[in-house]
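A.B. asks: what's the 3D shape of this:
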Amino acid sequence: MRARLASSTILTALVALAFGAPAVAQDAKQVLQEALDRYEARMAGIEDFTVVHDVMGFEVTNHFEKRMVDGHPVYFMKDMDGGEEEDLGMLYTEFMEIADHATIQGTETIDGKACHVVHVADMSVVDWDPQMGEEDAEFRPKTGTFYIDRDEYLLRKMIIDAEIEREGQATPVTMQMMLGDYREVEGLVHPWVTQMKISGLAGAMSEEEMAQAKESLAEIKKRMAEMDEAQRKMMEDMMSGQIEKLEEMVESGEMEVTITVKELRVNTGSTE
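C.D. replies: I've put the predicted structure just below:
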């Protein structure tokens, strides 16, 4: 019996050496730390970058410049009002702030990539406001689920359940974002397609906001109707059905937007 037991133990050890020991399961904190480390390693040589997006048929150019915040690289752009907004990569930097509230909830395949499903039960520790609604409306994230692929530790999908509070009344909203077709340009790994869906906005919009949105759409349609045929045809081709989508968003309170990258420039020092 002892000889057989010893032989079995030796055989097990040899198999482990030959084929590798069973992988040790990662906990949520380890996954988030690895995602942050990989992100910062990829961005080590990136001082600035410019992204030219197609947003609902319109070309939008944004320029981001690196700034160190608490020892981590964060990329900021100037918004239309002269303020600053962070690149989506800020999420990687904030992962460690939420790590103590995170758990692994299995795996899921996103766009053919096996992903860790990391659920965060308390997102209130993150100061994150995507600026939805009027200035008097406060966006408060409650819980979040992040899908981080197991090979490259890239963020592939996230779902944020939140509240928008206005005048003491809180309305639940859900934001889902899909990040796909990652490509590398001069060392910068960036999603080429971002799909965003926000549900529950109708309840968060005031009557005044709803009326303004409908009025703006009506004004666009009126101006198009007053154009000559060639101008109207050009506008219709450019909008490519976007007016109908905007009308659906206003009526349903659900916003769906697909953002695609047309061009990505790295370390140019400017938007040129």
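A.B. asks: going forward, measure contacts and count neighbours with C-alpha atoms only.
C.D. replies: OK.
A.B. asks: so what pLDDT did residue 9 get?
C.D. replies: pLDDT recorded at residue 9 is 41.
A.B. asks: an error on my part: the question was meant for residue 74.
C.D. replies: pLDDT, residue 74: 91.
A.B. asks: can you give me the distance of it to residue 48?
C.D. replies: Taking C-alpha to C-alpha, to the nearest Å as the measure, residue 74 falls 10 Å from residue 48.
A.B. asks: which neighbours do these two have in common?
C.D. replies: residue 66 (C-alpha atoms under 8 Å, 6 or more residues apart in numbering).
A.B. asks: check which helix or strand covers residue 38.
C.D. replies: If you go by DSSP states H and E, residue 38 is part of helix 28-42.
A.B. asks: list the buried residues in that helix.
C.D. replies: By 16 or more other C-alpha atoms under 10 Å, the buried positions in helix 28-42 come out as 28-29, 31-36, 39-40.
A.B. asks: sheet partners, orientation included, of the following helix or strand past it?
C.D. replies: Using DSSP H and E, the helix or strand that follows helix 28-42 in sequence is strand 48-55. For strand 48-55, the pairing partners within the sheet under DSSP bridges are strand 58-69 (antiparallel), strand 255-266 (antiparallel).
A.B. asks: just the buried residues of strand 48-55, please?
C.D. replies: 48-54.
A.B. asks: do stretch 57-65 as well
C.D. replies: 57, 62-65.
A.B. asks: contacts for stretch 62-74 next, please.
C.D. replies: Applying C-alpha under 8 Å, 6+ apart, the contact partners of stretch 62-74 are 40, 43, 46-52, 75-78, 86-87, 89-90, 93, 270-271.
A.B. asks: same question for stretch 185-199.
C.D. replies: By C-alpha under 8 Å, 6+ apart, stretch 185-199 touches 42-43, 45-46, 173-184, 253-261, 264-266.
A.B. asks: return the members of those classed as buried.
C.D. replies: Counted by 16+ other C-alpha under 10 Å, these give 43, 46, 173-180, 253-256, 259-261, 264-266 as buried.
A.B. asks: all the strands of this structure, residue numbers only.
C.D. replies: Using DSSP state E, the strands found in the chain span residues 48-55, 58-69, 72-78, 84-86, 102-110, 113-120, 138-149, 155-166, 169-185, 188-199, 255-266.
A.B. asks: and those, which one's lowest on average pLDDT?
C.D. replies: strand 84-86 (a mean of 81).
A.B. asks: show me what that one is packed up against.
C.D. replies: strand 72-78 (3 or more C-alpha pairs under 8 Å, 6 or more residues apart in numbering; DSSP states H and E).
A.B. asks: the strand it packs on: partners in the sheet, and parallel or antiparallel?
C.D. replies: Assessed with DSSP bridges, strand 72-78 is paired to strand 58-69 (antiparallel), strand 84-86 (antiparallel).
A.B. asks: related to what we said a few turns ago, nearest to residue 228, of the strands of the chain?
C.D. replies: strand 58-69 (21.5 Å; C-alpha to C-alpha).
A.B. asks: CA atoms of that closest one as PDB?
C.D. replies: Coordinates of each C-alpha in strand 58-69 appear next as PDB, following Å, rounded to 0.1, in the frame of the first residue of the first chain:
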ATOM      1  CA  PHE A  58     -21.000  63.600 -37.100                       C
ATOM      2  CA  GLU A  59     -17.300  63.900 -36.900                       C
ATOM      3  CA  VAL A  60     -15.900  64.700 -33.500                       C
ATOM      4  CA  THR A  61     -12.300  65.300 -32.700                       C
ATOM      5  CA  ASN A  62     -10.900  65.100 -29.100                       C
ATOM      6  CA  HIS A  63      -7.400  65.600 -27.900                       C
ATOM      7  CA  PHE A  64      -6.100  64.100 -24.700                       C
ATOM      8  CA  GLU A  65      -3.000  64.900 -22.700                       C
ATOM      9  CA  LYS A  66      -1.300  62.900 -19.900                       C
ATOM     10  CA  ARG A  67      -1.200  64.200 -16.400                       C
ATOM     11  CA  MET A  68       0.000  62.300 -13.400                       C
ATOM     12  CA  VAL A  69      -2.700  62.000 -10.600                       C
END
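A.B. asks: one step back: dump the strands paired with strand 48-55 into CSV; add distance to residue 231 as well.
C.D. replies: Shown next, in CSV, are the strands paired with strand 48-55 (distance: least, C-alpha to C-alpha, whole Å):
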stretch, distance to residue 231
strand 58-69, 17
strand 255-266, 25
